[in-house]
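>>> Fold the stuff below for me.
(chains A and B)
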There are 2 protein chains.
Amino acid sequence: MAPGKTNMTIGTSVVMSTTENWLDEVKWNSDGLVPAIAQDASSGRVLMMAWMNRESLALTAKTGKAVYWSRSRGQLWKKGESSGHEQQVKQIQLDCDGDTVLLSVDQAGGIACHTGRESCFFRTLETPDWGISEAVLKSPEHIYEPK
Amino acid sequence: MAPGKTNMTIGTSVVMSTTENWLDEVKWNSDGLVPAIAQDASSGRVLMMAWMNRESLALTAKTGKAVYWSRSRGQLWKKGESSGHEQQVKQIQLDCDGDTVLLSVDQAGGIACHTGRESCFFRTLETPDWGISEAVLKSPEHIYEPK
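Modelled structure (predicted):
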């Protein structure tokens, strides 16, 4: 195998090569991550911002479903895996300096946030404090209840 | 002056205290920064993502104009200072875990990107490469020409 060419494995199955040129145009930070913004394809609402590593961005492009990198858990985070609130990715964009990704997504269940709200941006500055500007659509205990 | 209370100075003028509680709810990263997404208030387009430190977010809230922190220049970056493409901030939001800010802005000139485009997200993934999906509205040499 040529230097730099690796086949990524998840579990035991070889899923892809992540040596595609388009991935090289992303400016990964010193932790190998890039911020990824998810925007609702129909409403235009900014739903969340999370991080991706090379493998998660490659998987997102390949599968058409948003896969992030969980910095707290140190592992791939298939959005919606436990909540069912997957994101079908319609479009992937890169900014001028290549260090931020923008996803246009169809949000399953209309809920992106783990608090049960449509968007993670539910706090609005009402000086001198943040106000809660959005209702919970489904309580987290019902989102994450054992199935 | 109480511990932790400081009056920030820019040039020679004292502009504000940045010890407001709402600023304490932001989870600044190890560099003291938070990513800030700017979204066009009327079109809903995501225009750019840049970084803010505590002072720039405080200034943004106080002045109603977007002030970022330029990581490359290591200084405050009043958006539009050289280009004229200021951002009038209509709303400031914070996400669920407090580590990303979302601004709703009126973009002066309809151009947020230094390349002369409306949005910095003008590259769209058309596997196996990024395609340019947006025209330049004004060439950078005309944006930044000496006045």
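>>> contacts and neighbour counts: CA atoms only from here.
OK.
>>> In contact with A:G110, which residues?
By C-alpha atoms under 8 Å, 6 or more residues apart in numbering or on different chains, A:G110 lies in contact with A:85, A:118.
>>> Would you mind measuring from the residue nearest to A:T115 when sequence neighbours are not counted to A:S119?
Nearest residue to A:T115 in three dimensions, chain neighbours excluded: A:P140, at 5.6 Å (C-alpha to C-alpha, 6 or more residues apart in numbering or on different chains). According to C-alpha to C-alpha, to the nearest Å, A:P140 stands 14 Å off from A:S119.
>>> Just want to know which of these two has more residues nearby.
More crowded of A:P140 and A:S119, by other C-alpha atoms under 10 Å in any protein chain shown: A:S119, with 25 against 15.
>>> if I pick the closest residue to the more buried one other than its chain neighbours, what's in contact with it?
Nearest residue to A:S119, sequence neighbours excluded (C-alpha to C-alpha, 6+ apart): A:L47, at 4.2 Å. Neighbour list for A:L47: A:37-40, A:112-113, A:118-121 [criterion: C-alpha under 8 Å, 6+ apart].
>>> redo that, cut-off 10 Å
Each residue near A:L47 by C-alpha atoms under 10 Å, 6 or more residues apart in numbering or on different chains is listed here: A:37-40, A:104-105, A:107, A:110-113, A:117-122, B:95.
>>> Show me the residues you listed that map onto strands.
Members of these lying in strands (criterion: DSSP state E): A:37-40, A:104-105, A:107.
>>> pLDDT score assigned to A:E145?
Predicted confidence (pLDDT) for A:E145: 74.
>>> I meant A:A58, not that one.
The model's pLDDT for A:A58 equals 97.
>>> Could I get the average pLDDT for stretch A:120-138?
Rounded mean pLDDT across stretch A:120-138 is 95.
>>> any residues touching it, and which ones?
A:45-49, A:109-119, B:20-23, B:25, B:61-62, B:91-98, B:100-103.
>>> what about 7 Å?
Outside stretch A:120-138, the residues that touch it by C-alpha atoms under 7 Å, 6 or more residues apart in numbering or on different chains are A:47-48, A:112-113, A:115-117, B:22, B:92-96.
>>> Just the buried ones from those?
Buried members of these, scored by 16 or more other C-alpha atoms under 10 Å in any protein chain shown, are A:47-48, A:112-113, A:115-117, B:92-96.
>>> now for the residues you listed, which pair is the farthest apart?
Pairwise distances across the buried ones among the contacts of stretch A:120-138 (C-alpha to C-alpha) peak at 20.8 Å, for the pair A:G116 and B:I92.
>>> ok, A:V34 - contacts?
Taking C-alpha under 7 Å, 6+ apart, one finds A:28, A:51-53, A:99-100 in contact with A:V34.
>>> So which bits of chain A are right by chain B?
Residues of chain A lying close to chain B (C-alpha under 7 Å from any C-alpha of the partner chain) are A:22, A:44, A:92-96, A:120-125, A:128-130.
>>> Identify the farthest-apart pair in the residues you listed.
Going by C-alpha to C-alpha, the pair spanning these furthest: A:W22 and A:P128, at 43.8 Å.
>>> ok, so of the ones in strands among the contacts of A:L47, who is nearest A:K79?
For those, the nearest to A:K79 is A:Q107 (10.1 Å; C-alpha to C-alpha).
>>> how near is that closest one to A:L33?
Taking C-alpha to C-alpha, one finds A:Q107 at 23 Å from A:L33.
>>> Bridged to A:I132, which residues?
Note on A:I132: beta-bridge partners by DSSP bridges are A:R123.
>>> hey, where'd the strands end up in chain A?
A:7-10, A:13-17, A:33-40, A:46-53, A:67-70, A:75-78, A:87-94, A:101-107, A:123-126, A:129-132.
>>> strands paired with the third one, and their directions?
Note on strand A:33-40: by DSSP bridges, its sheet partners are strand A:46-53 (antiparallel), strand A:101-107 (parallel).
>>> Rebuild those strands as CSV, extending it with mean pLDDT.
Conversion of the strands paired with strand A:33-40 to CSV gives the following (pLDDT from 0 to 100):
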stretch, mean pLDDT
strand A:46-53, 98
strand A:101-107, 98
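>>> Redo these as TSV? Include distance to A:Q75.
Below are the strands paired with strand A:33-40 laid out as TSV (distance: least, C-alpha to C-alpha, whole Å):
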stretch	distance to A:Q75
strand A:46-53	10
strand A:101-107	19
